[in-house]
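1. mind looking at a prediction? Sequence and model below.
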Amino acid sequence: ALPDGPAANHAEVLAAGEQAKPRFSALIRGILHRL
């Protein structure tokens, strides 16, 4: 577990964002296809 604090929290947010990118771009592509 990371120590509590802004830096550790920022690292966690960045890691979560990296994992969510493929799902997010796939979602955007699906929305664009429906337009």
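-> Ah, there it is.

2. how about low-confidence regions in the chain?
-> Residue ranges of the chain with pLDDT under 70: 1-5.

3. give the buried residues for the helix or strand harbouring Ala16.
-> Ala16 is part of helix 6-34, with elements assigned from DSSP states H and E. Across helix 6-34, burial judged by 16 or more other Cβ atoms under 10 Å covers no residue at all. Any C-beta I mention is one placed from the backbone N, CA and C, and that applies to glycine too.

4. centre of the chain versus it, how much separation?
-> Remark: helix 6-34 is offset 3 Å from the chain centroid, using Cα atoms, centre = their mean, to the nearest Å.

5. for Ala8, see how far away the residue nearest the centre of the chain is.
-> For the chain, the residue nearest the mean C-alpha position is Gly17 (2.1 Å; Cα atoms, centre = their mean). For Gly17, the distance to Ala8 (Cβ to Cβ, to the nearest Å) stands at 15 Å.

6. cool, and Leu35?
-> Distance, Leu35 to Ala8, using Cβ to Cβ: 40 Å.

7. and Gly30, by the same measure?
-> From Gly30 over to Ala8 the distance is 34 Å, taken as Cβ to Cβ.

8. just His33 next, same as before
-> Using Cβ to Cβ, His33 is found at 38 Å from Ala8.

9. then Ser25?
-> Using Cβ to Cβ, we find Ser25 at a distance of 27 Å from Ala8.

10. just Arg34 next, same as before
-> Using Cβ to Cβ, Arg34 is found at 39 Å from Ala8.
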